[in-house]
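Student: Provided below for reference: sequence and predicted model.
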Amino acid sequence: MNSNVYLFSVDIAYHIFQQYYSGAASTVVVRTDNGLTLQLPASRLRPYLSQLGVKGRFRLTVDEHNSFKSLEQIG
């Protein structure tokens, strides 16, 4: 089973995340370090939401069908 790994940075202020990404169907669009544009459910970032918002470096792993496997904050 093959996996693809994507690295990207996120910097979304708390009030912006709450205002725009609070719905279950909301998505966040990010640009990976190698220039790809990815769309993922905002709910995947919710565990990383703090009083400052969602900020930091992330590693997204998907399977060979581009289905979500894991998202982890790095660095």
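Tutor: Thanks, I have it. Numbers count the residues shown, from 1 in each chain.

Student: next up, the contacts around the residue nearest the centre of the chain.
Tutor: Nearest to the geometric centre of the chain sits Leu45, at 5.3 Å (Cα atoms, centre = their mean). Neighbour list for Leu45: 10, 12, 17, 21, 28, 54, 71 [criterion: Cβ atoms under 8 Å, 6 or more residues apart in numbering]. In short, each C-beta sits where N, CA and C put it, glycine included.

Student: swap the cut-off to 7 Å and go again
Tutor: 10, 28, 54 (Cβ atoms under 7 Å, 6 or more residues apart in numbering).

Student: out of the residues you listed, who's nearest Asn34?
Tutor: For those, the minimum distance to Asn34 (Cβ to Cβ) is 16.1 Å, reached by Val10.

Student: give me the helix or strand of the chain that scores worst on average pLDDT.
Tutor: helix 14-20 (a mean of 90; mean pLDDT, DSSP states H and E).

Student: which positions within that helix qualify as buried?
Tutor: For helix 14-20, the neighbour count (16 or more other Cβ atoms under 10 Å) marks Phe17 as buried.
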